[in-house]
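Trainee: show me the folded form of this:
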Amino acid sequence: FFAAAAGLARLSGRGPLAYSNWAQLFFEAVAAVVIFAIARRFSQGHRVVPYVTVLLFETANWEGQFYYSPQTAAFLLALLFQFFLLSLLEPARLRRPFLHRRWLSVPQLEIQREERIDNVGLAARVVGLIAVFGALVITHQLSPYVVFLGVAGLWALGVLRHWPVVLTLAMMPVVYALLHLPAVDHNQLLTGFNFDNAAGKPGLTSSSPEQALAGLWAKTIALGIWCATAVCVLSYRRRLGMILIPTILAAVPFLFLLITSYDGEAIYRVYLFSSPWCALIIAMRLATLVRMPILRWTAVGFWALFAALGSGQAQAFGMYPMDQVPSGEISASAYFLDHAPPKAMLVLGAANFPSRLNRMYVLHNVSQTENDPSLDESPQFDGKGLDRTDPKALAQAVAYLADGTGYLIIAPSMDRYVDYYGVFTPGTLSALVPRLKASPYWLVWYNQNGVVIFRALPKGRSGLRICWSWRFPATSPSPSTSATCRP
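Mentor: Below is the predicted model of the structure:
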């Protein structure tokens, strides 16, 4: 993803901030095309199935789920992979335990007037399939395993008989992980069986009414889709083969709740990866109903309207002020990357800041973490813990998180993040700024547009070499440290 983003920036001559706000519209549109193509293979002559599938997916995919990130790109790659995989399936070749069970008979996935592929075409599809999966493996750490579980399920069923392809796909994420063991050590993906994996990431204090509303809408929409899917699957119990492939691909993401919390976001990834197949199952069942056609399509329309308006209202009502990034914070982030000494690392007051905006971030990621560390990720600062931490102890903690030279940034968007999610008690970060300014264990390194960057001095200011740099675009010079400066 990052290589593609860098290439796009070079080709267009524009920075990513010029087009990243269009990411949700772009990814939603492309995903809709791929899901439409997938649904056509399962339509069984019902032309309405692809349209209803796309409608249910798009309206149930709440606002803000897609954004300019590797996670979103990985989801699109996963859909493309599953679309190409369907052409390799052989529904008639079930394994022996399933072969003579009529209710497991899987229909062909061919589209009318589609030409059968020869050996050359098959080889080209296999190469393309492996290439897409390879791109998925290097884009996101969790998504390839979710996708491969679906492949394993289809292979166990017997409809996927190309064992060299299955073996190659199984080896790719394993080999990639072995080649990047240092990154794996810092990415605690597998957290073990725990029912809390399905609970999301709760706030440390009471969350805002806006966040409570957004959470309620998200749960309502997700449970509505999952419950409707379960009802449809049960209604197919005597001819389960009709929806067996979508059911497998909708169910396998839930297995990850048994092994990982994904930092509290596992349940959201499960919903995202299962929702296209859930929408397809619902659309297939609705298309085969004979009675009351007007009533069922009216119900679909009301549900789509309910989900779309509910998602939009919940997100726009509370998250928009938090998601809106002021230009001053972008300037502060770029200034740190361009002027901070090498191996200096930025620690966030709360995990809501536009960090790593340019290629210089590689010089400021000493510990090789996936994201910049933030204070709200440390248990010692839970609740009122940050209020009770003295500046000296906080300087030592920031230096430890940064694995050396640590800088702490506090910005207005972090206050909105804290209030929305209930990370700290209200006003904690705002009250922290004057405390640190008055402390000998902190140095104001940047102060502009409400954004303050402090340098942590675990041993105090005694003996610190300070110079003044006029490169900073402000009315007063900016202090920095250098080996050429006077004590």
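Trainee: give me the below-cutoff pLDDT ranges for this structure.
Mentor: Within the chain, the stretches with pLDDT under 70 are 63-64, 110-116, 183-206, 263, 313-318, 367-368, 463-487.
Trainee: centre-most residue in it?
Mentor: Against the mean C-alpha coordinate of the chain, by C-alpha atoms, centre = their mean, the closest residue is residue 71 at 4.0 Å.
Trainee: if we ignore the residues flanking it in sequence, what's nearest it?
Mentor: Excluding its sequence neighbours, the residue lying closest to residue 71 (C-beta to C-beta, 6 or more residues apart in numbering) is residue 140, at 5.9 Å. Glycine gets a C-beta too; all of them are placed from N, C-alpha and C.
Trainee: wait, doesn't the one you found sit right on residue 74?
Mentor: Yes: if you go by C-beta atoms under 8 Å, residue 140 and residue 74 touch, sitting 3.5 Å apart.
Trainee: neighbour count: the two, which is higher?
Mentor: residue 74 (25 against 21; other C-beta atoms under 10 Å).
Trainee: for the more buried one, what are its contacts?
Mentor: 1, 136, 139-140, 143-144 (C-beta atoms under 8 Å, 6 or more residues apart in numbering).
Trainee: do that again at 7 Å, thanks
Mentor: Contact partners of residue 74, counting by C-beta atoms under 7 Å, 6 or more residues apart in numbering, are 136, 139-140, 143.
Trainee: who wins on neighbours among those?
Mentor: Of those, with other C-beta under 10 Å as the count, residue 136 tops at 25 neighbours.
Trainee: could you check how far that residue is from residue 142?
Mentor: 10 Å (C-beta to C-beta, to the nearest Å).
Trainee: what count of nearby residues applies to residue 107?
Mentor: That count, for residue 107 with other C-beta under 10 Å as the rule, works out to 15.
Trainee: oh, that last question was meant for residue 380, not what I typed.
Mentor: 12.
Trainee: quick check: the gap between it and residue 396.
Mentor: Distance from residue 380 to residue 396, by C-beta to C-beta: 11 Å.
Trainee: ranges for the strands of the chain?
Mentor: Here the chain has its strands, by DSSP state E, at 345-348, 406-410, 442-448, 451-456, 467-469, 478-480.
Trainee: which of the ones you listed sits closest to residue 160?
Mentor: strand 345-348 (44.2 Å; C-beta to C-beta).
Trainee: CA atoms of that closest one as PDB?
Mentor: Extracted in PDB, the C-alpha atoms of strand 345-348 (Å, rounded to 0.1, in the frame of the first residue of the first chain):
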ATOM      1  CA  MET A 345      10.700   9.300  18.300                       C
ATOM      2  CA  LEU A 346       7.300  11.000  18.700                       C
ATOM      3  CA  VAL A 347       5.000   9.900  21.500                       C
ATOM      4  CA  LEU A 348       1.400  11.000  21.100                       C
END
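Trainee: for that strand, buried residues please.
Mentor: 345-348 (16 or more other C-beta atoms under 10 Å).
Trainee: between all of the residues you listed, which two are separated the most?
Mentor: Of all pairs in those, the most separated under C-beta to C-beta is 345 and 348 at 10.5 Å.
Trainee: check contacts around the nearest residue to residue 148 once chain neighbours are set aside.
Mentor: Counting by C-beta to C-beta, 6+ apart, the nearest residue to residue 148 once its immediate chain neighbours are dropped is residue 169, at 5.9 Å. Neighbour list for residue 169: 133, 148, 151 [criterion: C-beta under 7 Å, 6+ apart].
Trainee: which of those residues lies closest to residue 400?
Mentor: Nearest to residue 400 among those, with distances taken as C-beta to C-beta, is residue 148, at 37.0 Å.
Trainee: now do the contacts for the closest one.
Mentor: Contacts of residue 148 (C-beta under 7 Å, 6+ apart): 169-170, 173.
Trainee: how many residues are close by residue 298?
Mentor: With other C-beta under 10 Å as criterion, residue 298 counts 11.
Trainee: rewinding a little: what backbone torsions are found at the residue nearest to residue 71?
Mentor: phi -150, psi 140 (degrees, to the nearest 10).
Trainee: help me confirm that it comes into contact with residue 72.
Mentor: No: here residue 140 does not reach residue 72: they are 9.3 Å apart, not a contact under C-beta atoms under 7 Å.
Trainee: how close does residue 1 sit to residue 70?
Mentor: 4 Å.
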